[in-house]
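Engineer: how does the following fold in three dimensions:
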Amino acid sequence: HRWSPCIERSWRKRMGISLSTVVLYLEDIVAYYGVFHLAQLGLFSYIAWYVGKQFLLDEYRNIPNLPTVGVPKEETGNVDPKENPMGKECITCFSPATMKKLGTAKVFSTAEVTDICFRAKEAQKKWAKTTFAERRRVLRTLLNYLVTHQQEMVEISVKETGKTKVEAIFGEVFMTLEKIRWVIANGETYLSSEKRSPGFMMHKYAWLDYVPYGTIGIIIPWNFPVHNGLSHIVTALMAGNAAVVKVSEWASWSRDWLQNLTDALLTATGHSKDLIQFVSGYGETGATIVSNTDKVLFIGSPQIGKKILENASQTLTPVTVELGGKDAFIVLDDASIEVAVKMAARGAFFNSGQNCLSAERFYVFDGAYDRFISAMMAEIKLLSQGPTSPDVGAVNLPSQIEKYKMLVEDAVTKGAKIVIGGKPNPNHAGYFFEPTILTNVNHSMRVMQEEAFGPIMPIMRVKSDDEVIRLANDTNYGLSCSIFSKNQPRALAIARSVESGSAAVNDWGLGMLVQSLPFGGIKISGFGKFGGPEGLRDFCYQKSYVVPIHSSLSFGPPGPTSFPVGLKAHFLVEDFLAIAYGQWSTKGQALVSLVKKIVTRDV
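Structural biologist: Numbering: from 1, shown residues only. Next up, the predicted model:
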């Protein structure tokens, strides 16, 4: 066996055994055990390699342990609900579940944000040159910290947003860990150069590079501050970008934790802390980010989304926007009521309905309607609500409470019936709105047209597939939908007819959990995608290359078409095109014509 000496030395140094010895050993195994047993050995060897590579490759071995960041220290006392927490220079942070004061967050000035964006751009120039292996090493360091400090994430989220611990572990921790895992496993695959066909130019190479934009401006909402704060910077880093993230003014307490964590991460892995920066503030802060970054991701409302787009149009900065939804939850007459009810409760009341994927319009077929209502009532009566409840938590904003009241009152005025709930929960000091079921609803009611973003379940009776498709599409939104039926082809037919960016059959909320899929909507739910290969590539611009296979194969235009162009050159080109693209009879005629022109030099 003629093994290269350098390979042999490298193998012996790392493995402590001669590579030739390994090969001879494998040959003995084949001779003794046969091919079938060798296949078994191969399978177990692959598993051993997959696990063992974590101890062999540098990107697995050189993972530093980050110091514990810790939950920010809380201030004492409660806030007065009548006072405006949004100060000119600082934001008062408090728990919407208990009204206890958590601390204050700085309002970054325009000059500070501009400087932060500049420093991020400078840091990105070096980061863009890193290998995918190095980027994975950084992300593995982050993943390792988060896995061993899950309670930090949970405690911050619960205190800052008022959600339950279960909602925090699923919505903040699980989603973030899965995002990082997928990006580590698949980032290089989807961001590497992509070979393309050169077409008829067989003497050329053609390929596509995914080039990092530079600095990504990320403006996130308040409903999942930890997940939104981390998951998008993971994508940005893998794609070779820096990121400047504006946290919501209604979830600014987590900013210091996010910044301290990323500072520790970048310092421990040998990179500039300027690469990832978090800022807090108001609309002016976001506008400054849009004006000073190379690509923007905004998650929020259509109203603010329009302002973001207007601002970005001044510099023609590309923008991806996810602007919420009014998702349809459809229960067919042959659906499993038990499954549908469990998922409906989750879809309407998870995080008190404050999810872009929340089920907000419920359409139940005649044959299932009474059973669904009865089972749903029994389900809701089992739910508890409060600061320490494991079921339903608080809502983040006082303005949301007023919005819910308005939507319910409008529906009742137009004929809806409150089956349960329908008002703020009077038993707690924080911002709690009771889980609510409305029946006898129709599309003249605002609760069936406007995004509620709260724990309200309006249920409408329907009679046919055509009717439910028409109603599901009678909305300005188009983010997602859920269809429940034991007849999967029928459910899929309805899912394909609903105008939305994603759909789930016999389940809810899977659009963001399956990381290999892109996530985003249509209509006023936004455009562009995050998640999946499309999300990774969304943080890059595409650069095309056409290069000769060899420098000697570089040719100019064919003689008669070169300057000065021959008077009959276009006839020559016509013949070439007919040969390339015509039917066989046309090809033959064009070939004869072309040969005649060449022979007679009539070109």
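Engineer: where do the strands sit along the stretch 101-250 of the chain?
Structural biologist: 101-106, 194-196, 204-212, 215-219, 242-246 (DSSP state E, counting those that start in this stretch).
Engineer: what helix or strand is residue 59 located in?
Structural biologist: Using DSSP states H and E, residue 59 maps to helix 58-61.
Engineer: other SSEs contacting that helix?
Structural biologist: Helix 58-61 sits against helix 35-56, helix 132-148, with contacts defined as 3 or more CB pairs under 8 Å, 6 or more residues apart in numbering; DSSP states H and E. Using the backbone N, CA and C atoms, a C-beta is placed for each residue, glycine as well.
Engineer: among those helices, show the one with the smallest mean pLDDT.
Structural biologist: Lowest mean pLDDT of the helices and strands packed on helix 58-61: helix 35-56, a mean of 65.
Engineer: show me where pLDDT drops low in the chain?
Structural biologist: 1-38, 41, 49-58 (pLDDT under 70).
Engineer: repeat that for 80
Structural biologist: Across the chain, the ranges flagged by pLDDT under 80 are 1-61, 510-512, 558-559, 602-603.
Engineer: most remote residue from it's center?
Structural biologist: Distance from the C-alpha centroid of the chain peaks at residue 600, with 63.8 Å (CA atoms, centre = their mean).
Engineer: now for the closest residue to residue 179 other than its chain neighbours, how many residues are close by?
Structural biologist: Nearest non-adjacent residue to residue 179, counting by CB to CB, 6 or more residues apart in numbering: residue 231, 4.3 Å away. Using other CB atoms under 10 Å, residue 231 has 26 other residues around it.
Engineer: residue 231 and residue 178: what is the separation?
Structural biologist: Using CB to CB, to the nearest Å, we find residue 231 at a distance of 9 Å from residue 178.
Engineer: cool, and residue 326?
Structural biologist: Residue 326 is 26 Å from residue 178, by CB to CB.
Engineer: neighbour-wise, which of the two wins?
Structural biologist: Higher neighbour count among residue 326 and residue 178: residue 326, with 28 against 15, using other CB under 10 Å.
Engineer: for the more buried one, which non-adjacent residue is spatially closest?
Structural biologist: Residue 326 sits nearest to residue 477 (CB to CB, 6+ apart), 4.0 Å away.
Engineer: could you dump the strands of the stretch 101-250 of the chain into JSON lines and include mean neighbour count and distance to residue 394?
Structural biologist: Formatted as JSON lines, the strands of the stretch 101-250 of the chain follow (neighbours: other CB atoms under 10 Å; distance: least, CB to CB, whole Å):
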{"stretch": "strand 101-106", "mean neighbour count": "19", "distance to residue 394": "14"}
{"stretch": "strand 194-196", "mean neighbour count": "12", "distance to residue 394": "47"}
{"stretch": "strand 204-212", "mean neighbour count": "16", "distance to residue 394": "39"}
{"stretch": "strand 215-219", "mean neighbour count": "27", "distance to residue 394": "23"}
{"stretch": "strand 242-246", "mean neighbour count": "27", "distance to residue 394": "23"}
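Engineer: any chance of CSV for those strands, columns distance to residue 321?
Structural biologist: Formatted as CSV, these follow (distance: least, CB to CB, whole Å):
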stretch, distance to residue 321
strand 101-106, 25
strand 194-196, 26
strand 204-212, 20
strand 215-219, 10
strand 242-246, 14
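Engineer: residue 500: which of those strands is closest?
Structural biologist: Across those, residue 500 has its closest neighbour in strand 215-219 (23.5 Å, CB to CB).
Engineer: beta-bridge partners for the closest residue to residue 197 other than its chain neighbours, please?
Structural biologist: Closest residue in space to residue 197, ignoring its immediate chain neighbours: residue 206 at 6.6 Å, by CB to CB, 6+ apart. In this entry, residue 206 is beta-bridged to residue 196, residue 546, by DSSP bridges.
Engineer: helix or strand next in line after the host helix or strand of residue 542, which one?
Structural biologist: According to DSSP H and E, residue 542 maps onto strand 540-548. Tracing the chain C-terminally past strand 540-548 and defining elements by DSSP H and E, one meets helix 569-581 next.
Engineer: just the CA trace of that following helix, in PDB.
Structural biologist: Presented in PDB, the C-alpha positions along helix 569-581 are these (Å, rounded to 0.1, in the frame of the first residue of the first chain):
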ATOM      1  CA  ALA A 569     -22.900  38.700 -39.300                       C
ATOM      2  CA  HIS A 570     -26.400  38.600 -38.000                       C
ATOM      3  CA  PHE A 571     -27.300  35.900 -40.600                       C
ATOM      4  CA  LEU A 572     -24.500  33.800 -39.300                       C
ATOM      5  CA  VAL A 573     -25.900  34.200 -35.700                       C
ATOM      6  CA  GLU A 574     -29.400  33.300 -36.900                       C
ATOM      7  CA  ASP A 575     -28.100  30.000 -38.300                       C
ATOM      8  CA  PHE A 576     -26.300  29.200 -35.000                       C
ATOM      9  CA  LEU A 577     -29.400  29.900 -33.000                       C
ATOM     10  CA  ALA A 578     -31.600  27.800 -35.300                       C
ATOM     11  CA  ILE A 579     -29.100  24.900 -34.900                       C
ATOM     12  CA  ALA A 580     -29.100  25.300 -31.100                       C
ATOM     13  CA  TYR A 581     -32.800  25.700 -30.500                       C
END
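Engineer: please name every helix or strand in contact with that helix.
Structural biologist: Secondary-structure packing of helix 569-581 (3+ CB pairs under 8 Å, 6+ apart): helix 584-600.
Engineer: tell me the angle of the helix it packs on relative to helix 569-581?
Structural biologist: 140 degrees (axes from the mean of the first three to the mean of the last three CA atoms, to 10 degrees).
Engineer: show me which positions of helix 584-600 end up buried.
Structural biologist: The neighbour-count check on helix 584-600 (16 or more other CB atoms under 10 Å) flags 590, 593-594, 597 as buried.
Engineer: how close does residue 281 get to residue 99?
Structural biologist: 23 Å.
Engineer: let me fix that, I meant to ask about residue 464.
Structural biologist: Relative to residue 99, residue 464 is positioned 48 Å away (criterion: CB to CB).
Engineer: neighbour count: these two, which is higher?
Structural biologist: Per other CB under 10 Å, whichever of residue 464 and residue 99 has more neighbours is residue 99, with 19 against 10.
Engineer: residue contacts, that one?
Structural biologist: Counting by CB atoms under 8 Å, 6 or more residues apart in numbering, residue 99 touches 78-79, 81, 429-430.
Engineer: which of these lies closest to residue 316?
Structural biologist: Among these, residue 79 lies closest to residue 316 (CB to CB), at 42.0 Å.
Engineer: touching, that closest one and residue 91? I think so.
Structural biologist: No: applying CB atoms under 8 Å as the test, residue 79 and residue 91 come out as separate, 11.5 Å apart.
Engineer: quick check, distance from stretch 152-167 to the centre of its chain.
Structural biologist: Its chain's C-alpha centre and that of stretch 152-167 lie 21 Å apart, by CA atoms, centre = their mean, to the nearest Å.
Engineer: how about it: buried residues?
Structural biologist: Residues of stretch 152-167 classed as buried by neighbour count (16+ other CB under 10 Å): 152-165, 167.
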